[in-house]
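S.K.: I would like to see how this sequence folds:
(chains A and B)
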Amino acid sequence: MPISEILFWFLSVTAVVCAMLVIASKNAVHSALFLIMTFFAIAGHYFLLNAQFLAAVHIIVYAGAIMVLFLYAVMMLNLHKDAEPGKRPLFKIAATISAGLLLLTLTVALKHSETAPVGTNLNIGTVESLGQSLFNEFLLPFEISALLFLSAMVGAVYLSKKQLS
Amino acid sequence: MTILIFKIILVLAVFGITMLVAMYSTWAERKVSAVMQDRVGPNRAGPLGLLQPVADGIKMFTKEELIPEGSNRWLFILGPGIAMLTALLTGAVIPWGGDVSIGGEVFALQITDINIGILYLFGVVSVGVYGIMIGGWASNNKYSLLGALRASSQMISYEVAMGLSIISLVMMTGSLSLREIVAQQDSGFANVAYQPIAFLIFLICAFAETNRAPFDLPECETELIGGYHTEYSSMKLGLFLFAEYINMFISSAIMVSLFWGGYNFPFQHELGLSANALASVQTVVFFGKVFFFIFFFMWVRWTLPRFRYDQLMNLGWKVLLPLSLLNIFVTGVVMYLNGSLK
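M.R.: Below is the predicted model:
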């Protein structure tokens, strides 16, 4: 078995097991930590697909920034097993049915989707080619999203500067 | 095959040197503080107290290990491990010197030259906060939790300004590879001459990211006992403290590589040295620059008082963030007028 295949199976098993543990663990902090491990496994998959930029940004943004804030909020909750309110049976049934429907939809959708050809261009995920396509092919959407982010940032700075009465 | 052996030797060497530098940084810190406070400092173990780090190490390893009751055992052990792991991971992309040739083959004094070197650094740094957060939370202590929360909010805030300060540099150099950026500084001035504001922002953020004074609020002893490591003892405490010194060493190395020319020094090609001799001199010069920055870290710690929490947040979000955005804009305009924009 080539090393990339071994890595693929290792990362896939890690991702799936950790993703299931996110739901299964009773402690919210443990869930958050398993989610971080899932993100790492997915970033590993990006590396295997030669999408280094995406992998690095995935780690920086999701594992490094968003999950830190998530963990920040969860740590403040200080949840304990005995203090956790029990869910009503009706709620559980509704959750099971809706989750099952989601699984069904995703399975059908993925089964009928066309698989993209892999391996035609190995350098498609590098910073250079990503920058080329962002600034040529997708210039307008890129600039619009950049403006959106900038305005969000300006808004945040403005809110922090405003004196709260 | 030879490249593999060379890389393994290099990895071990970088690991050993990092540990050694971190070890003697603890000694240097105590000596520097002693000089600044007109004291003698450690002088009992060995000449000039040079064996003090060894004595400290033996003390740390042999002390009783305590895991507080009601703490989360596994996460409590995991915390310092993550702190140490992420501190050591960053050394992999730093170019420690020029090329050396052994037996006709040319090797680069860098463990790996990935073309997203800077992003790799930011990825590892952004994950580094988990060691402190997990350790602080798992301790089941309110002071530790407060320290962990402070650490996370501080690191998130200063990472933003740090990342933006680097963007103006990346715009100029056109590369994310550290080796490439250092090689570009071979001729002409170091990057700090073109990007002084970016360097200043990066320097301030480096202090905040390594939790060094005046940004050491996560372990602020006057308010939080010991912050996130209040409950830690023996070598687990040692790992947390050691990780801080490794981070200091690595961030000094990053600053030198990005802004101060890395291993390059003026008139290096006029000396008429052979490639190997030049590479060794370059490595010595690199470490000289790095040691100056480590000294600078200590100098600031024993000179400036600690920030208040709101001052810390104000500086990060209201001063450094707009300043780094402005710096990007000015860099773009100058590059456009210069015609260096491709």
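
S.K.: So which bits of chain A are right by chain B?
M.R.: With Cβ under 8 Å from any Cβ of the partner chain as the criterion, chain A meets chain B at residues A:29, A:33, A:36, A:52-53, A:56-57, A:59-60, A:63-65, A:68-69, A:71-72, A:75-76, A:126-127, A:153, A:156-157, A:160-161. All C-beta spots, glycine's among them, are computed from the backbone N, C-alpha and C.

S.K.: Now with 6 Å, please.
M.R.: A:52, A:56, A:59-60, A:63-64, A:68, A:71-72, A:75, A:160 (Cβ under 6 Å from any Cβ of the partner chain).

S.K.: what helix or strand is the residue in the stretch 101-250 of chain B that chain A sits nearest to on?
M.R.: Going by Cβ to the nearest Cβ, chain A is nearest to B:Ser126 of the stretch 101-250 of chain B, at 2.6 Å. For B:Ser126, the host element (DSSP states H and E) is helix B:117-138.

S.K.: just B:Val106 next, same as before
M.R.: Taking DSSP H and E as the criterion, B:Val106 maps to strand B:105-109.

S.K.: circling back: pull up the per-residue confidence for the residue of the stretch 101-250 of chain B closest to chain A.
M.R.: With respect to pLDDT, B:Ser126 scores 84.

S.K.: again with B:Phe259
M.R.: 87.

S.K.: That one against B:Ile201, yeah?
M.R.: No. The criterion here is Cβ atoms under 6 Å, and B:Phe259 misses it with B:Ile201 at 10.9 Å.

S.K.: Helix, strand, or coil at the closest residue to B:Ser126 other than its chain neighbours?
M.R.: Nearest residue to B:Ser126 in three dimensions, chain neighbours excluded: A:Gly64, at 2.6 Å (Cβ to Cβ, 6 or more residues apart in numbering or on different chains). Three-state call for A:Gly64 (DSSP: H, G, I helix; E, B strand; the rest coil): helix.

S.K.: next one: the one 4 residues further on
M.R.: Here A:Val68 is recorded as helix under three-state DSSP.

S.K.: what's the neighbour count on it?
M.R.: Each residue near A:Val68 was counted by other Cβ atoms under 10 Å in any protein chain shown, and the total is 22.

S.K.: returning to what we had before: name the surrounding residues that touch the strand holding B:Val106.
M.R.: Outside strand B:105-109, the residues that touch it by Cβ atoms under 6 Å, 6 or more residues apart in numbering or on different chains are B:6, B:96-97, B:99-100.

S.K.: ok, which stretches of chain A are strands?
M.R.: Secondary structure of chain A (DSSP state E): no strands present.

S.K.: swap in chain B?
M.R.: Assigned by DSSP E, chain B shows strands spanning B:97-102, B:105-109.

S.K.: hey, which of the ones you listed is tucked in deepest?
M.R.: Counting by mean count of other Cβ atoms under 10 Å in any protein chain shown, strand B:97-102 has the highest mean neighbour count of the strands of chain B, with a mean of 17.

S.K.: Alright, I will stop here.
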